[in-house]
Every structure is written in structure tokens, then in C-alpha cells.
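K.L.:
Sequence and predicted structure are below.
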Amino acid sequence: MSFWRTFGFTTISPVETILDRDHYTLEELLDEEELLQETKAQNKKLIPFLTKAETLEKLMHYITTEPDDISDPRRRLKYPFLSCEILGSDVWRISESIYENEFLLDKLYGFLDLPPPLNPLLATYVCRVASVLLTRKIPQTIKYLKQRDEIIDKFIRHLGSSAVMDLLLKLIACEDTSEGKGVLEWLCSENLISRLIGKFEPALGTEVHENAAQAIVDIICVSNSSNNNNGLCNGNNNNSSFRSPLIAQLESEETVNQLLSFILAEGATSTLVNGLTVVIELLKRNTIDNSVSQENYKQISDLPPLLRLLSEKFHHFTNILINPPLTEQQRINQRNRGDLESLGFYRLKVVEFIVAFVKTNYDVLGEVIITHNALSICLKLFFKFEYNNFLHSYVEQLIEIILKSNNQPLKLHLFEEANLIGLIVEASQANEVQNQSPKGFRKPFMGYITSISSHLLTVANQNKLVADKLNVNEEWKRYIDTAFKDIQQIQTRPLGGHKPLTFSDNINEEEEDMADTSAQAVFTQYLAQQGYAGTYQDVDDDYDDDENEAFDAENDFDQQIVLQNDEKASFQLVGDDDEDDDDEDRHHQDHHDENEDHHEAEQQQHHSISSDN
């Protein structure tokens, strides 16, 4: 013990007090609030105790085993939390001790042997400790995992645990490090992707489908961030020098065929939605720019397996838009409500898929869209389901993508067979009729119609085909000059009124007079709207009079203050002189009194002497 602690100059930590004893337990230390602080400070007595194999085993037990007595909050909450913090702390000696005793890793990863669902709190603690150890000991951890039987199956078994999936993604991300190279090849050899795709079996249920889709989407994003080395999932990685083996396996013909078989299986609804989520994410990776030459993609057979197989089965998706699958509840609702029809989530997902399909920007895919009349079907749904803004947003994106592309046949199809301009004009006319009826209101999709019209006008300035199609349509011109122009004026009108005028420093006198006259006119108009009969000049004169009166009153007040201050100063000066005179008089009086007292004392002394004689 140090000199300062011996003589009581510092407070001894309760943890230090326990460590000074001959016998103590881990639980006694866990009950002390300063344990974590002492651990992080790497207390010289505490760390040797925590790095003992039996101590680490007990800490592992607290984060991997549910308590027998759930009524004890310390065992249920406090001990697991502190154990996780200690095992995941920045103390390298703890990590070294764990890897020196492999049975501790067995206990940690043995948590995955439990049947689902896992205790979410313990799963979080276990995966956090495992992630910390993985980060510090990448080669050792990968080597250990390769030796464990069916470790990938155990990860997949717990798809519903977000903590376990996060641990799997961190394992995949190890490919970015020099020590973790080859982990993706190992995961491919363990058939990670095919096992995840197998979870889309329609009989497995909605929850399993959702978890599998989320896991695959996360893997795609992690793989993209590995390609781009920027942590973002932004697609367009065809030209990357490195291609993830997992993504290559996911986009292989065998895997895509298996996934589409699940998506298009009869009666498959949950698989349709969640499977298309994976397909859409993959399509985002396969986009090309307008500047890229498409000489090598003149036929469907020239496309990558994903796009080729989707093209071959595209008619199944347009059939879903026409005759969507119905759940039992939807059938009951239709019987009870008659002819009332809803768009449904399945058709909405298919429309989202078509947007992603067109956005890949391969010209040859435009032929697939034209052949199966996909644009006409989507536009029909757009105007049929007036209140579904999700649908309207997707269709607007679809039209914008086509207009900005170099695919002239697809643009022509949009104006001719799909009759986009005619549908816009008809919708505008129907909107005017409805809006003018008693208690009428605008059709809900008119905002999107206005936005699509703006896209058309913008592209017409750059594309002759679009300009020609718009210029020859008299009804379109009438719509632009009336309804569209009116709504544009409303949308461009400032909500707060006219913008305040500003003047530059170098404005000349003539321009300043003109601007001043304009401002006066605007203000006079405002006064009239407020019911004031005067003009700007009247108000300005009144203001000047009020200002002059206020100035005069302020002047008078200031003068009074000055006078009062002068008088007060003069009075103060006189008072100070009088006080000085009074002080002098008091001084003389005191001196006189002192002399009289002294004289009286001398007389008394003289009288006393005389009496003694």
C-alpha cells in the first residue's frame, strides 16, 4: 500500500479493499460500482484475477445462460451486463486469455446451439463480445470458426436475431482487411447464399421470408461497400476490379432460377414480396450510364443471367398486375364490400420491380417492356387507384427514367401505345369537372400529373422526338395554356407575399426613384386591401409628424434631465463645502474641551497636595 493511502490522504476504492483480502468472489466484485472503472484503468491486482480461466468461464456463463431464478435482478440484469462490459473492454490481456483457453470460445459460440428464438438481451451481449474478439483476433477467429461443425447453419438458424445477423455481416466485412482475405471464399464453400435462398420456400412462412430477404440485402450492401470502400450501398459495380464471390454466387443462373421459382410459385404471396426485394437490390447493381456503349448487348441472350432470366419470365409479372393473387382476407373483404377493389401490396411491389428493371438502362430491355405492354398497364393502374400515392410516385419515376434515357423506341411507345399525353389531358378535364361540382375537390393524383407534365416540357427542349409529339397535339397545348399554367402560377407565387426590395450600393438616382415609386405603389395597394382610405404619402406624412413630435418630446425630456443633473451637482458641491466647515469647527471644539479637562485636572491635583500638607 502506498504512503498516501497508508496515512489516509486518498479514499481507498471498495474494489481495492476486496482485492486486499485473502479470499473473495467474482460476485463481490460485480456488486461494486467501481469495478468497470478499475478494469479500464487496468488495476494491477484486478486484471490477474479477471484473466484467470475460471473467472472468464464464469463471466461467459453470465452472458450465455439464462438464470434459474429470474426474480434476482442482479443475476438477470446486472451480472450479464457487467460481464459483457469486462469481456469486451480494451484490455488485451483478457482477449489473450480467452484465445489461450479455447473452451471459452466454445462456450461463447455454443450460445448459437440454442433453439430459436434466442433471448434478445443475451444474444446482444454474446454477439457484442464475439464482435470485439473478431476485430482483435481476425485470423484466429476465422480459423476457429472453420473448425466448428455447421457454424453457418447455426447463423442461418437464427435469422430472426438482428444481433446474430450483425455478427455475420462483420464476419463478411473482414474481407476488407489483410488478415481476413479469403473469408468470402470460405462462406461460398459453405453455401451461405444457397442456404439463404432456400429460406424463401413458400411453406416456411412470412417471418422467415422477411428475415432471409433482409439478410441477403445486407450482404449485398456490405459487398458493395467492400467494392467501393466507402461504406455505401450505391450499386453500379460492374466495372469494379474486385467482385464479391457471394454476389457472383447470388447472381449466378442457378441461384436466380431458384429464387424466381419461389417468387412465381402458385399461391406464393410473402415469397413474391420479399423475393422481389432481393431482385430489386440486385438490379440496382446492374445499371449502366447513357454514355456506356451497348454494342455487346443487342439481344436478350447477351445480357447477364439475372437480366436475361427476368426478361424471359417478365410476362408473369405483368399477369400479376392484371390478376393479382389475393389473400383470404382480401377475398372476404371483396365479398363484403362488393366491387370495391384495392391495389394491394403485391401489385405495388411488381410496379417497383418494373421501375428498377427499366432503370438498368439496357436498351434491349425496352423491347421486353414494349412486348408485354407494361407501360400501359402501369398507367391504367395510376389513374384507377387515385388515392395510392406510393403507386403514383413509382409511375412518375418510371416515366422520368424513360424520358431521360437514350431509348427512343421506348419513348415512342410511351406516347403512342401507352397514350401518355391523351391520358394526362383526359385526367385534367375530369379534374376540372370534379373541382367545379358542389363540394368538389382536385383529384389526388393531379400533383403527380403536374410533375410529369413539367418533365415532358423539360425534355422537349432537348429531345426532338418528344417535342414533335407535344407540338402536334392541340389538346395538350390547350392544357398547357390553361390548367397547367394556372397551377404553375399558384405554385410559383411566394407564400409570404412580395419579396422585399433590395438595392445595390451602386444604384443611380433615377433607378432609386423608380424603385421607390414602385414600393410606394405596392404599399398603397396593401393599405387599400386593409381598408385604409389614404395613400402611402398620407401615412408617410403622419409618420413624419409623429416622429417630429416624439423627437421634440425627447429633446425636452433630455433638457430637463440635464438641468436636474446640473442642479443636483451644484447642490452636492455646496453641501460638500459646508461639511468641510463643520468638520473644522468640531476639531476646534474638541481641542478646546481637551484643554479645559487638562486644566481642571491640574487644579484638583494642586488642591489634593495642599490638603496633605
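P.N.:
Looks like it came in fine.
K.L.:
Show me the shaky parts of the stretch 1-150 of the chain.
P.N.:
1-10 (pLDDT under 70).
K.L.:
cutoff 50 now
P.N.:
Applying pLDDT under 50 to the stretch 1-150 of the chain flags the ranges 1-2, 4.
K.L.:
The stretch 501-613 of the chain too?
P.N.:
503, 551, 557-558, 561-581, 584, 587-588, 591-592, 594, 598-599, 601-613.
K.L.:
gap between residue 481 and residue 194?
P.N.:
With distances taken as CB to CB, to the nearest Å, residue 481 is found 60 Å from residue 194. Every residue, glycine included, has its C-beta placed from N, CA and C.
K.L.:
Of those two, give the one with the bigger neighbour count.
P.N.:
Neighbour totals were compared for residue 481 and residue 194, and residue 194 leads with 15 against 10 (other CB atoms under 10 Å).
K.L.:
Looks like the more buried one contacts residue 255 (just checking).
P.N.:
Yes. Between residue 194 and residue 255 there is a contact at 6.6 Å, judged by CB atoms under 8 Å.
K.L.:
what about stretch 288-307, how long is it end to end?
P.N.:
Terminal residues of stretch 288-307 lie 13 Å apart, using CA to CA, to the nearest Å.
K.L.:
quick one: contacts for the residue nearest to residue 404 when sequence neighbours are not counted?
P.N.:
Excluding the flanking residues, the one nearest residue 404 by CB to CB, 6 or more residues apart in numbering is residue 459, at 7.0 Å. Shown in contact with residue 459 (CB atoms under 8 Å, 6 or more residues apart in numbering): 403, 404, 466.
K.L.:
could I get those residues as a markdown table with neighbour count and pLDDT?
P.N.:
Compiled in a markdown table, these are given as follows (neighbours: other CB atoms under 10 Å; pLDDT from 0 to 100):
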| residue | neighbour count | pLDDT |
| --- | --- | --- |
| 403 | 21 | 96 |
| 404 | 16 | 94 |
| 466 | 22 | 94 |
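K.L.:
Now tabulate these in TSV and tack on secondary structure and distance to residue 50.
P.N.:
Output for the contacts of residue 459, formatted as TSV (DSSP: H, G, I helix; E, B strand; the rest coil; distance: CB to CB, whole Å):
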residue	secondary structure	distance to residue 50
403	helix	66
404	helix	62
466	helix	72
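K.L.:
was I right about residue 251 contacting residue 279?
P.N.:
No. Contact criterion CB under 8 Å: residue 251 and residue 279 do not qualify, at 10.5 Å.
K.L.:
which residues are in contact with both of the two?
P.N.:
Joint contacts of residue 251 and residue 279 (CB under 8 Å, 6+ apart) are residue 306.
K.L.:
Buried residues, stretch 96-113. List them.
P.N.:
97, 98, 101, 104, 105, 107, 108, 109, 111, 112 (16 or more other CB atoms under 10 Å).
K.L.:
Also stretch 450-467?
P.N.:
Counting neighbours by 16+ other CB under 10 Å, stretch 450-467 gives 450, 452, 453, 455, 456, 459, 460, 463, 466 as buried.
K.L.:
Kindly report the same for stretch 71-90.
P.N.:
Buried residues in stretch 71-90 (16+ other CB under 10 Å): 75-76, 79-89.
K.L.:
re earlier: for the residue nearest to residue 404, I want the exact helix or strand it lies within.
P.N.:
Under the criterion of DSSP states H and E, residue 459 resides in helix 446-460.
K.L.:
could you dump that helix to PDB, C-alpha only?
P.N.:
What follows is helix 446-460, C-alpha atoms only, in PDB (Å, rounded to 0.1, in the frame of the first residue of the first chain):
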ATOM      1  CA  MET A 446     -53.000  15.900 -60.000                       C
ATOM      2  CA  GLY A 447     -49.800  16.900 -58.200                       C
ATOM      3  CA  TYR A 448     -48.000  14.000 -60.000                       C
ATOM      4  CA  ILE A 449     -49.700  14.900 -63.300                       C
ATOM      5  CA  THR A 450     -48.300  18.400 -63.000                       C
ATOM      6  CA  SER A 451     -44.800  17.000 -62.200                       C
ATOM      7  CA  ILE A 452     -44.900  14.600 -65.100                       C
ATOM      8  CA  SER A 453     -46.000  17.500 -67.400                       C
ATOM      9  CA  SER A 454     -43.000  19.500 -66.200                       C
ATOM     10  CA  HIS A 455     -40.700  16.600 -67.000                       C
ATOM     11  CA  LEU A 456     -42.200  16.400 -70.500                       C
ATOM     12  CA  LEU A 457     -41.700  20.200 -71.200                       C
ATOM     13  CA  THR A 458     -38.100  20.000 -69.900                       C
ATOM     14  CA  VAL A 459     -37.200  17.000 -72.100                       C
ATOM     15  CA  ALA A 460     -38.900  18.500 -75.100                       C
END
